[in-house]
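>>> need a structure here:
(chains A and B)
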Amino acid sequence: MSGEGAARLSLRDRAVARIRAWSARRHGEDTLPVKIERRRIYIVPTRFGLMLASLLVAMLIAGLNYNSNLGLAFAFFMVSTVLVAMHHCHRNLLGLSVDAQLEVDAFAGADAAFYFMLRNESAVDRRNIEVCLLDPTDSRPPGARASCSIAIGSYQELMLAVPVAHRGVSRWSQFELRTTYPFGWFRAWTYVHASLTAFVAPLPRGHRPLPAAPAAAGESMRSESSGEEDFAGLRSYAPGIPLKHMAWKSLARGGEAAVRIYSDLGNRPEWLEWSALDGLDTETRLSQLCRWISQCESGQPRPYGLRVPGAEIVPGRGPAHRSRCLRALACHGSAPP
Amino acid sequence: MKLAAPFAARVTYPQLRALCACLGLALAAQVTSLPLWLLAVILAAVAIRLSIAARGYAVPSLTIRTVIAVVSIVALFLQLRTFNGLAAGSALLSLVAGLKLFETQSRRDLYVVALIIYFLCLAQLLRSESFWLLAYLLGVSWLTTAALLRLNDTTPPIDWRRSLRYAGRLSAQAVPLTLVLWLFFPRFDSPLWRTPSDGHGAETGLSDSMSPGDITDLALSDDVAFRVHFNGPAPPAAERYWRGPVLHDFDGSTWRRSPVAHGRAPGLTPVGVAYRYVISLEPDQHNWLFALDWPDRWNAPEAYLTGDYMLVRPALISHALDVSVTSHTHVETGEPLSEAMRRRDTRLPAQRNPRTLQLALELHAAHPRDLDYIGAVLDMFRKQQFFYTLEPPPLGPNSVDEFLFDTRRGFCGHYASAFAALMRAAAIPTRVVTGYYGGTYNRFADYWIVRQSDAHAWDEVWIEGRGWLRVDPTSAVAPSRVQAGLEGSLMAGSPIAAAWHGPLSFLSDARLQLDALRQLWRRRILDFNVRSQNQLLTALGIPQPDGQKIAMVMAGGLALAFAWLTWQIRREQRQRPKDAVVRAYDRLCRKLAAAGIARRPYEGAEAFAGRVVAERPELGPQVTELCRRYSRLRYGSSRRASVERWFVARVRAFRPGRAPR
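Reported below is the predicted structural model:
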């Protein structure tokens, strides 16, 4: 189909873009989860359906011309089957509840993974439901599509992996649910007008060491003044941590190898600074910062903060903090979300 | 493009296998009308493709596929000489389907095969009138639709049983729409354009010539020649002569229709009652209609009476045909016989049957009056040693001589032929009439069945002043043949016949009932047309139906059918399959509520049982037991089907009775 000439392709694409824009105006912004109602489901015959339709016309003419009541009965049976199949195709989407994760993190050059939740509260199976992402500027659907079936009274989680090439914020203003169930004669679809955002962080790269000197950290660990009141908890052992911090008792009880942390050790933040990377271009700097974030998150049990022009993330740790830092990198140079 | 991906998706072996099976079933129904080599090519293509799919070999190259396609299409054209027409078109489509399967790689190819299967089903129905074929082909289309479901529904692949069930339910939902469309869709009286003829089907029934042994073949056939429904009383048995081809030209052994038409039919003056009836003809590929002697008025377009009162029409009867006819069993001819007709009907071959000529001269000399002479000849058949048999000895070129003087065993054809020869030898104009005699009354549906075994031949002689007079010489030999029909005359003493009419009479009844169904099928379904639509509308209370009203009724019917469909689909969607245990518990609660203790909405099963024990101690043990079982079945970790059944049965048997006052 791709070789059938650019003129037809663009004509069709323009039509699809118009329908989408019209649908967006008609329904406005959706708040998830969305229950798919009758008035937002569109249905058209597929190419196979059009082939079948012309066959049915031929059947009808043949039956009338031969004046054959049995031939007509068969032709009408086929026509009716097609009409019923159209209802079934429409029903396959009707009443489905859709929820989606609106914001995800990703790294440039890899995939942004969007999660969708489809819930079927009715008494019929929903089969062959396809979810795909739509870009308002480009009517051609991206390569990202995934399909699933949802059994009676259950739900299904669907992951859509969208390749993202460049750092920055990628946004999709709507996504589409479609189905050609049951026989591929019709395609029913619906648009969900909800913004999906992928914060695309730079690919972690660069070989610069972390700015803070490891010696300082070692010193704080060695401080003998720390008593029981400074003990802040246990964390899992990583190579390089002095053996005197090992929690031998916990190991002896059969637990995993752990080290004791002391409050003053955990409290000294690591600052990842844009200004520490003078002489590099923007993207390389951001890549290095991203790598540092990864190192800090998986390395020593210390909070870290991030300073880039226009944004400062106060020190912290954990997945939420990491996500905040990565989004700051993704948004660098563009307007914040 | 949006459709590119699913359209081009590769097919799996099970998908391919399913569609191959459907194609095989569709082809099986027309196995007799396809050239054998074509079937072999299609089967080979399917087998090769399936083994390729099963083993994972590569599909043959484009060159090989093209060569195979071109060679087989050319061969098919050389054999059929045309691709026009239904049979040739079906053959070509079958071949295309086979070739398409051969090269199937993507879903699109299988879609094409599915469409061809649908069309093959239709093509066979266009020329068929069989209920069973319709049922079979609807089954094939059901399987094909299920195969399409399996082709399209792949997340995860749906299994066979579920796809069949789903396609079946969908087809069932299509039935009301189909009925509305079929009943009210506008029909045409004449085809839109002439349908290309596929050559003739086999001729059946009487032909337009008669050798003495011919009718015996028919007499052994049980096939239906035609069916008749009388509007009013049927004529008495002795007058149920169904007139077929009238034969004039005799060459010594065979009688033939005269190739030249001899003027119009002389006018007849009806005497006595008129019989009105509808005759349902089978497609016998002849151009004459069988009508009761003597036809007077008829409604078949373009049909006309020949000079010898045969009802013929220009086109062959290749479809089942219903004709309304009015006949008079007694007529008078006012006009004299034309000279040409007299010459034609007294001609005898000069060199044949000399002994017969001699006998005729002697007899006619003894009985100079024509009617006396006829009586004498019939007396001869009656009194001398002539036998009526279905297995007459073969006769040579002087067939009448051999029959009259040597063998003396024959069937109705022999007697009619010999009688006519004797009459003509005495210069009495005589012709042989073939047709059917009698018929079986079907008391289950008020019509008569005339079978091939009722085929008969008789004579008509011209008597000055009285016109054409029917003489049935067979009745002189075997009166029972004429009175009781063939079965009666031949098998009166046989044990089979006795059983057929005695303890096994239910079999002949069943046969009649089956035939009544067939006739119903034919009249209600096969012959459904504009007139039937109008009658239907009149029956629905719509006066003076016309095309516009039919269209309106169809629109209304379609709206109703769609409303039903929408309701059906919504109901399916809403219906929650309720647990048998829950239903049984609801029932228990209803019974207790009727007995005066209603469960409160917030009350659990055990709490409710406790209250029952307090209020109606005599029900206590039973209800406690049931409620405990219910909790365990509903919330316990394991459920056994036997316990469930036990619970349901106990609830059903539970009788609380009214509260004591």
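>>> unless I'm mixing things up, residue B:157 is touching residue B:150, no?
Yes. Residue B:157 is within contact range of residue B:150, at 6.7 Å (criterion: C-beta atoms under 8 Å). (C-beta placed from N, C-alpha, C; glycine too.)
>>> Regarding residue 301, what is its secondary structure?
All of this is about chain A. coil (DSSP: H, G, I helix; E, B strand; the rest coil).
>>> thinking again about what came up before, same drill for residue B:157 and residue B:150, tell me which one is more crowded.
residue B:150 (22 against 13; other C-beta atoms under 10 Å in any protein chain shown).
>>> show me the contacts for the more buried one.
B:14-15, B:18, B:157-158, B:160, B:163 (C-beta atoms under 8 Å, 6 or more residues apart in numbering or on different chains).
>>> try it again with 7 Å
Shown in contact with residue B:150 (C-beta atoms under 7 Å, 6 or more residues apart in numbering or on different chains): B:15, B:18, B:157-158, B:163.
>>> Give me the buried subset of the residues you listed.
B:15, B:18, B:158, B:163 (16 or more other C-beta atoms under 10 Å in any protein chain shown).
>>> Which of those fall within helices?
B:15, B:18, B:163 (DSSP state H).
>>> ok, now which ones touch the second one?
With contact set as C-beta under 7 Å, 6+ apart, residue B:18 has these partners: B:147, B:150.
>>> if I look at the most centrally placed residue in chain B, how far off is residue A:72?
Closest to where the C-alpha atoms of chain B average out (C-alpha atoms, centre = their mean) is residue B:130, at 4.1 Å. Relative to residue A:72, residue B:130 is positioned 15 Å away (C-beta to C-beta, to the nearest Å).
>>> same deal with residue B:335?
Taking C-beta to C-beta, one finds residue B:335 at 49 Å from residue A:72.
>>> Just the element for residue 116, please.
Since you didn't name a chain, this refers to chain A. Element membership for residue A:116 (DSSP states H and E) is strand A:111-119.
>>> right idea, wrong chain: chain B
Counting by DSSP H and E, residue B:116 is found in helix B:107-126.
>>> next one: that helix to chain centre, how far?
Distance of helix B:107-126 from the chain centroid (C-alpha atoms, centre = their mean, to the nearest Å) equals 24 Å.
>>> Could you pull up the residues touching residue B:13?
B:53-54.
>>> pLDDT score for residue B:161?
Among the per-residue scores, residue B:161 shows a pLDDT of 88.
>>> tell me how far the helix or strand where it lies is from the chain's mean position?
Assigned by DSSP H and E, residue B:161 belongs to helix B:160-184. The chain centroid and the centroid of helix B:160-184 are separated by 24 Å, computed with C-alpha atoms, centre = their mean.
>>> And it, what's buried?
B:163-164, B:166-167, B:170-171, B:173-174, B:176-184.
>>> With stretch A:296-306 instead?
Applying 16+ other C-beta under 10 Å to stretch A:296-306 flags A:296, A:300-306 as buried.
>>> farthest-separated two in those residues?
Largest separation among the buried residues of stretch A:296-306 by C-beta to C-beta: A:301 and A:306, giving 17.7 Å.
>>> Please consider this matter closed, and thank you.
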